[in-house]
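> could you look at this predicted model? Sequence included:
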Amino acid sequence: MSDRAPIILWFRRDLRLSDHAALHAAAKSGRPVIPVTIRDPLVDGLGAAPKWRLGAALEVFGAALRKAGSRLILRSGEASEVLAKLVDETGARDVWWMRAYDPDAVARDKAVKAALQEKGVTAKSCAGHVLFEPWTVETGTGGYYKVYTPFWKAVRGRGVEAPLPAPGRIPAPDSWPDSEDLKDWTLGAAMNRGAAIVAPWANVGEEAAQGRLGAFMANVVDGYDASRDLPGVNGTSNLSENLTLGEISPAQCWHAGQRAREEGKKGAETFLKELVWRDFAYHLVWHTPHLLNRNWRTEWDAFGWSENADRAEVRAWKQGRTGIRFVDAGQREMYVTGRMHNRARMIVASYLTKHLMTHWRIGQAWFDDHLIDWDPASNALGWQWSAGSGPDATPYFRVFNPVTQLDRFDKDRAYVDRWIAEGQDNPAPEALSYFDAIPRRWKLDPGAPYPDPVVEPGEGRRRALAAYENRDF
């Protein structure tokens, strides 16, 4: 094998140059490196907002590669077929990538590895999408963790390798294979006019992610324990959209959090715990893949949730028109920004699954389509936690009261006033942007009256508790 045989680097949810184990090793080898990304069925299966956000990320990442003397090759098709063809075109003898842990990606990657090995090509995957790979964290009896707190205690003292630097220059091949044009992929098509509304709120690319991390550590993390629960203030890191596409690594966030903790910043450990919660989600998905699409606790299969996504109550929930301000503000924030504050996510999810007695999969699918920070493991775990059907879940009889929650976490109504226009003489621009983002067929008007509750909190709680008490398990 020639020492000049190229290495193909397959980029997926790892769109960064720094702390990228596969890129670091490939650049260090001195051999030519061919970065490639593939529009395969998993990409085509993404919801509207995640797919649009991926397109924005690929554009910025491609520019970063060009600055480093390289370029991003775009191809479409089944990954195994695309990579095999690229190997034949380029003479590459190695294909490397960063590991994924959700079952669809794992199945794809196994098929790719087998096909490449059959051709005599070295297929290598590297760690980096989580802090601790799922199979490396075990209970005292050798099993996997089903509860977060023991999981946190098991990993909090573990070392996390220092982040790797970005290569100065990436060795280029003598000739580049053909590439498709990102514009022809039209990854944002399903967003329609909503793309222009969401775009200013997105923080795209590695440089932007690093700036966001630095600002959080400098200005927010000290008060993070309290501020993270207040949706009306800038009290979170907002790094979820960057972590999900690997524009920043969890290790980079971890080490920044550890430095902040050593400096005595009070909220730093809570931030570290949130990073580990993300790992916990992937730990569970690895060991129990059905978390993504079925009740993790199988006894909940007998529970009487409605699975009718077209009910009037569910349509009102999707539109942010339930008449419950905390719920509606959360949905409208998501329409305008592509994200939703975590406290609002809990309230929105609880209201759907408990007050409206609707299956969590309907809410999960809605978030799958609308979140630019969509993450398969975190979204599934969050919904099953809220519904009561998942691991370490909130008890079903714990029904969040969205009115008292608003009084507690949005006392001055900064959050709901920012996102709900109806009834205000001078609505905030963000509240009005919601009406520009939504489908025209909804025919909603900011001057219309704010709706009455589709289900009053007290009534919804009573209905949920009655269903719980009369369950068949």
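On my side now, so go ahead.
> from Asp225, how far off is Lys411?
18 Å (Cβ to Cβ, to the nearest Å). (C-beta placed from N, C-alpha, C; glycine too.)
> who has more neighbours, those two?
Comparing Lys411 with Asp225 by other Cβ atoms under 10 Å, the one with more neighbours is Asp225, at 15 against 10.
> in contact with the more buried one, which residues?
266-267, 270 (Cβ atoms under 8 Å, 6 or more residues apart in numbering).
> quick check: which element contains it?
Assigned by DSSP states H and E, Asp225 belongs to helix 224-227.
> equivalent analysis for Trp96, please.
strand 94-98.
> contacts for that strand next, please.
Strand 94-98 has contacts (Cβ under 8 Å, 6+ apart) with 5-14, 20-22, 25-26, 83, 87, 109, 112, 116, 121-129, 246.
> report the contact partners of Ala268.
Contacts were defined as Cβ under 8 Å, 6+ apart; by that measure Ala268 touches 221-222, 224, 257-258, 260-261.
> what pLDDT is listed against it?
Looking at Ala268, its pLDDT reads 98.
> cool, Asp3 as well?
76.
> which phi and psi does the nearest residue to it once chain neighbours are set aside have?
Nearest residue to Asp3 in three dimensions, chain neighbours excluded: Arg31, at 6.7 Å (Cβ to Cβ, 6 or more residues apart in numbering). Phi and psi for Arg31, reported as degrees, to the nearest 10, are phi -80, psi 160.
> now do Arg75
According to degrees, to the nearest 10, Arg75 has phi -140, psi 160.
> what about the closest residue to it other than its chain neighbours, neighbour count?
In space, and not counting its chain neighbours, Arg75 is closest to Val82: 4.6 Å by Cβ to Cβ, 6+ apart. If you count neighbours by other Cβ under 10 Å, Val82 ends up with 20.
> does Val82 belong to a helix, a strand or coil?
Here Val82 is recorded as helix under DSSP: H, G, I helix; E, B strand; the rest coil.
> in stretch 308-319, what counts as buried?
By neighbour count on 16 or more other Cβ atoms under 10 Å, the buried set for stretch 308-319 is 311, 313-314, 316-319.
> let me see the contact set for Ala195.
52, 188.
> start at 50 instead
New numbering, starting at 50: the last item is Ala244.
> measure it to Arg102 for me?
If you go by Cβ to Cβ, the gap between Ala244 and Arg102 works out to 10 Å.
> ditto for Phe458
27 Å.
> hmm, Asp418 is touching Ala98, no?
Yes: assessed by Cβ atoms under 8 Å, Asp418 is found in contact with Ala98 at 6.5 Å.
> now the end-to-end length of stretch 460-473.
17 Å (Cα to Cα, to the nearest Å).
> what lies in contact with it?
280-282, 369, 374-375, 377-379, 381-382, 385, 390, 393, 455, 459, 476-477, 479-481, 483-484, 495-499.
> ok, now stretch 62-72?
Taking Cβ under 8 Å, 6+ apart as the rule, stretch 62-72 contacts 58, 82, 84, 106-107, 109-110, 113-114, 117, 145-147, 149, 173-178, 212-216, 219, 254-255, 258, 293-298, 300-301.
> excluding residues flanking it in the chain, which one is nearest Tyr517?
Going by Cβ to Cβ, 6+ apart, Tyr517 has Tyr445 as its nearest residue, at 4.9 Å.
> buried sites along the worst-scoring helix or strand of the chain on mean pLDDT?
The weakest-scoring helix or strand in the chain, judged by mean pLDDT, DSSP states H and E, is helix 506-518 (a mean of 90). Along helix 506-518, these residues count as buried under the neighbour rule (16+ other Cβ under 10 Å): 506, 509-510, 512-513.
> what packs against that helix?
On a contact count with 3 or more Cβ pairs under 8 Å, 6 or more residues apart in numbering; DSSP states H and E, helix 506-518 meets no helix or strand.
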